[in-house]
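>>> I'd like to go over a predicted model; first the sequence, then the structure.
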Amino acid sequence: MESEMQTPEVQETAPSVEPSAEPAAAPADKAGSLVDSLRQTLADSLSFLGPTWDKVQAFFAEQRKTISGVVLISLAVLVLVLVSGVLGIINAIPFLPAVLEILGLWFAARYLVMAESRRAVVQEFSEFIGKITGQS
C-alpha cells in the first residue's frame, strides 16, 4: 500500500536573478542625484512665479518701513504675552511674589532713597548699557 501512495516530489527553485548591465550606484551618488533632481523639480515648479515674484519683491521694497513696523509691533505683542505668562507662573508659586516684593523694597530702600546712591546706580546702569551697545 505504501508503494502505491507515493507523494509527488516538489522541486524548489530559486528565483533567477540576472546580473544587471549597470553596477549599483554608491549611496553618495544617489543622494547627489536626488538633490539635483529635487532642485530641478523645484526650479520647474516655481518657474511660473517669475513675473509674480518680481512684483512681490517690488511690493516689499516699496512697503519696507510699513512691513517693518507691523513686524515690530507684532513681536512686541508676542513678548508682552510671553512676559505675562511667565509672570502668571511666578505669581502662582507660593510665597515667591512676597519674597520678590520684599526684595524690591530692600533694593529701593538701599539704593534709591539717597541721592548719592541713586547717582551711583544710574552711572553703573549707564556703563552696563554702554558695554552692551559697544559705546565704551
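Great, that's in hand.
>>> Packing partners of the helix ranked longest in the chain?
If you go by DSSP state H, the chain has its longest helix at helix 64-92. Contact here means 3 or more C-beta pairs under 8 Å, 6 or more residues apart in numbering; DSSP states H and E; on that basis helix 64-92 packs against helix 96-107. In this view, the C-beta of every residue, glycine as well, is placed from N, C-alpha and C.
>>> Run through who's touching the helix or strand following the helix it packs on.
Sequence order places helix 115-133 as the next helix or strand after helix 96-107, per DSSP states H and E. With contact meaning C-beta atoms under 8 Å, 6 or more residues apart in numbering, helix 115-133 is reached by 110-112, 135-136.
>>> can you pull the pLDDT of M114?
Note on M114: pLDDT of 90.
>>> how many neighbours does it have?
11 (other C-beta atoms under 10 Å).
>>> How far off centre is the lowest-mean-pLDDT helix or strand in the chain?
Here the helix or strand of the chain ranked lowest by mean pLDDT, DSSP states H and E is helix 27-46, holding a mean of 76. The chain centre lies 25 Å from the centre of helix 27-46; the measure is C-alpha atoms, centre = their mean, to the nearest Å.
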